[in-house]
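Mind folding the following:
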Amino acid sequence: MSSVERLVDTAQIVADFGTSKPRISAWSNDPSSGFPAVAHTEGRKRFWRHNEVAAFFAQRAPKKRTLPAAVLEADQDELLTKREAARLLGYARMSTIDAYIRDRPGYFPEPDEDVEGPMWRRATIVEWATSRPGKGRRRSAPGAALPEVPIEGDPDELLGTTQVAALLGYSSAASFSSVLYQGGIPELPE
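Numbering: from 1, shown residues only. Alright, predicted model coming up:
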């Protein structure tokens, strides 16, 4: 492996650690957050040392969500409207659920029934609320899965970016491209 230091930009941190660009900006601008200092800039684009960013996220243990006992003891088969589900989750507006459904397909559970609007069983909402990671550790919508690439392939076969990323063990084509662009894999020609 090369001794070249791996740098990551904001988009790569979002992809690898499941956070958001505004949160990275807030942490980076707050010296008390513990977020690593910027290691390099290119114009307005900032880069951080991957190992320091990974250490920052490793020390941020995910928090298990808990719900009040009254919610857990209530009838779990009861159907809840979107308003009732939002209230159970502690959201001020139903628009939070609308945004999950619109912007993050597969993140929020599908309605159990549709009776004059979507309805969820209390158990569905409780399961979702208690199984997802805590604030600040939510994962982004999953990216496209990398293909299976056999190691014992034809040495003259040309591979695409996603195939090379899978073959080398990267979590995504974006993380492979970032390292390659930064010169972190000098063994590979451009």
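
what about V149, how many neighbours?
15 (other Cβ atoms under 10 Å). Every C-beta, even on glycine, is put in place using the N, C-alpha and C of the backbone.

helix, strand or coil for it?
coil (DSSP: H, G, I helix; E, B strand; the rest coil).

what are the phi and psi angles of it?
Per-residue torsions, V149: phi -130, psi 120 (degrees, to the nearest 10).

which stretches of this structure aren't confidently modelled?
Under the criterion pLDDT under 70, the flagged ranges of the chain are 1-3, 61-66, 133-144, 181-183, 186-190.

The nearest residue to A74 once chain neighbours are set aside and L88, how far apart?
Spatial nearest neighbour of A74, chain neighbours left out: R122 (6.1 Å); criterion: Cβ to Cβ, 6 or more residues apart in numbering. Using Cβ to Cβ, to the nearest Å, one obtains 7 Å as the distance from R122 to L88.

show me where this structure has helices.
Assigned by DSSP state H, the chain shows helices spanning 10-17, 21-29, 50-58, 69-73, 82-89, 95-103, 122-131, 161-167, 173-181.

out of those, which comes closest to F35?
Taking Cβ to Cβ as the measure, the helices of the chain were each checked against F35, and helix 21-29 came out nearest at 3.6 Å.
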